[in-house]
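Participant: have a look at this prediction, sequence included:
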Amino acid sequence: MCGVMSRLLLFRSTLLLMLVAPVAVARGADPVERNLYLSDHPGMETPRLYVAGRIVTVLRLEQPCDPTRTKLLGWEGRFEPVVCTGTSVLLVPLHDLEPEDRFLLLVTLADGTELPFTVTSRKERHGDRSGDQQVNVFKDRTAPHAVLASLHDSLEREQKLREENERYRKEDSVNHALAALVAKGAEELTPFQLRQKWLLKSHDDVEILVSVLTNKDQTKAAVVFNVRNNSATMSWQLMEARLWTKSREEPRPFALRSSREQWGPGGENGKIAVVMDTSIFDSKTGPERLVLELFRGDGLQQAYVVLEKRMMR
């Protein structure tokens with residue numbers, strides 16, 4: 001359990017039941033693995049390795065390394081001793097690095113080849129503390145293993161592009177267009193009217209202003225999350241939203257648009273708009289209660305909303 005419930009608001013005569021606290025994991029994160037292709041070009045900068053506090057970063061090499069000549073300069077008090085064993089080099093920072101921190105890692109291979117790396121943090125990008133878990137290092141791009149890895153990278157990028165194109169094709173709907181307008185703050189160009197609004201704050205310095213809108217004949221509804229990230233150092237990111245029946249047995253369709261991909265620290269704010277047809281409340285046994293959930297970038301639940309059709313009239 002990453003945290004405890006920080007706030008529970010129950011409105012018996014209104015539209016929403018809302019919880020804001022990082023309390024539930026949506027899904028496990030995939031291992032962070034990437035391929036690094038070195039270059040002999042004199043203009044190329046030293047390749048970077050991104051680490052995070054108390055998380056092991058492993059370099060996988062094409063040939064064994066020399067433990068006596070592999071060193072991390074200035075590591076004392078900041079890292080555990082560097083481990084060089086077989087074709088692997090292990091780095092373990094004791095704490096998160098600051099954005100300006102730079103450490104020189106010099107890896108010497110068994111044949112005497114020296115490979116320099118800059119060890120740093122991704123926190124310079126809006127507080128991101130994600131690190132490399134495994135980096136596969138290829139010294140020769142033309143070697144069979146490097147060519148195979150490069151082909152795999154290309155196929156993976158192509159697959160992601162296809163999936164993204166297919167997603168955009170499927171999301172070409174009226175509700176997605178309405179969600180895009182609302183996320184951009186252009187509610188006046190939509191048929192929606194404001195019904196209710198709440199301000200919620202959580203212990204992780206995230207402030208959310210929640211608005212509920214419906215059109216005149218109540219055939220469509222929108223839930224808008226205006227997110228402000230008041231953290232001094234950490235960024236905030238939406239991983240996904242989910243809309244289910246209250247029993248969690250059946251997902252329901254909705255359209256989502258966001259005004260930004262990431263909320264930087266220091267009060268950066270932006271909107272997440274969810275638009276739905278109110279017919280999704282209907283079932284054979286009568287109107288269903290629906291649960292709308294937001295999960296932040298690390299997989300923890302940030303907020304949920306319980307919706308009832310009768311309260312939209």
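Facilitator: Thanks, I have the structure now.

Participant: how's this protein carved up into domains?
Facilitator: 8-28+172-312, 33-168 (automatic domain parsing).

Participant: which one of those has the most crowded surroundings?
Facilitator: Between the domains of the chain, domain 8-28+172-312 has the highest mean count of neighbours, a mean of 17, where neighbours are mean count of other C-beta atoms under 10 Å. Heads up, the C-betas are built off the backbone N, CA and C, glycines and all.

Participant: avg pLDDT for that one?
Facilitator: Computed over domain 8-28+172-312, the mean pLDDT rounds to 83.

Participant: next one: that domain to chain centre, how far?
Facilitator: 17 Å (C-alpha atoms, centre = their mean, to the nearest Å).

Participant: repeat for stretch 114-124
Facilitator: For stretch 114-124, the distance to the chain centre is 22 Å (C-alpha atoms, centre = their mean).

Participant: extract the C-alpha trace of that stretch and format it as CSV.
Facilitator: Extracted in CSV, the C-alpha atoms of stretch 114-124 (Å, rounded to 0.1, in the frame of the first residue of the first chain):
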residue,chain,number,x,y,z
GLU,A,114,37.8,2.0,-22.9
LEU,A,115,34.1,3.0,-23.0
PRO,A,116,33.1,6.2,-21.2
PHE,A,117,29.6,7.0,-20.0
THR,A,118,28.0,9.9,-18.2
VAL,A,119,25.8,8.7,-15.2
THR,A,120,23.0,11.2,-14.5
SER,A,121,19.3,11.5,-13.7
ARG,A,122,16.2,12.2,-15.7
LYS,A,123,14.9,14.5,-13.0
GLU,A,124,16.0,17.4,-15.2
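
Participant: show residues contacting it.
Facilitator: The contact list for stretch 114-124 (C-beta atoms under 8 Å, 6 or more residues apart in numbering) reads 38, 45-52, 59, 69, 72, 91, 96-109, 128-131, 137, 139, 233.

Participant: do you know the pLDDT at the residue nearest to residue 64 when sequence neighbours are not counted?
Facilitator: Leaving aside its sequence neighbours, residue 64 sits nearest to residue 110 (C-beta to C-beta, 6 or more residues apart in numbering; 4.6 Å). pLDDT for residue 110: 94.

Participant: who's in contact with residue 110?
Facilitator: So residue 110 contacts 63, 64, 65, 66 (C-beta under 8 Å, 6+ apart).

Participant: adding pLDDT, write the residues you listed out as a markdown table.
Facilitator: As requested, those are arranged in a markdown table below (pLDDT from 0 to 100):
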| residue | pLDDT |
| --- | --- |
| 63 | 93 |
| 64 | 96 |
| 65 | 96 |
| 66 | 97 |
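
Participant: and of these, the nearest to residue 264?
Facilitator: Checking the contacts of residue 110 against residue 264 with C-beta to C-beta, the nearest one is residue 65 at 37.9 Å.

Participant: can you pull the phi/psi pair for the residue nearest to residue 64?
Facilitator: With angles defined as degrees, to the nearest 10, residue 110 sits at phi -60, psi -30.

Participant: for residue 278, what are phi and psi?
Facilitator: Torsion angles, degrees, to the nearest 10, at residue 278: phi -70, psi -10.

Participant: helix or strand right after the strand or helix carrying residue 154?
Facilitator: Using DSSP states H and E, residue 154 maps to helix 144-170. Counting by DSSP H and E, the next helix or strand C-terminal to helix 144-170 is helix 174-183.

Participant: now tell me what touches that following helix from outside.
Facilitator: In contact with helix 174-183 (C-beta under 8 Å, 6+ apart) are residues 187, 189-190, 192, 213, 220, 222, 224, 254-259, 271-277.

Participant: please apply the same query to stretch 134-149.
Facilitator: Stretch 134-149 has contacts (C-beta under 8 Å, 6+ apart) with 31-39, 49, 57-62, 113, 115, 150.

Participant: over to stretch 152-161?
Facilitator: Stretch 152-161 has contacts (C-beta under 8 Å, 6+ apart) with residue 35.

Participant: quick check: mean pLDDT of it?
Facilitator: Per-residue pLDDT over stretch 152-161 has a mean of 71.

Participant: please identify the helix or strand for the residue nearest to residue 193 when sequence neighbours are not counted.
Facilitator: Distance criterion C-beta to C-beta, 6+ apart; nearest residue to residue 193, sequence neighbours excluded, is residue 213 at 6.1 Å. Element membership for residue 213, per DSSP H and E: strand 206-214.

Participant: direction included, what does the helix or strand following that strand pair up with?
Facilitator: Moving toward the C-terminus from strand 206-214, the next helix or strand (DSSP H and E) is strand 220-229. Note on strand 220-229: by DSSP bridges, its sheet partners are strand 206-214 (antiparallel), strand 268-277 (antiparallel).

Participant: follow-up on the earlier one: in the sheet, who's paired with the residue nearest to residue 193?
Facilitator: Assigned bridge partners for residue 213, using DSSP bridges, are residue 194, residue 222.
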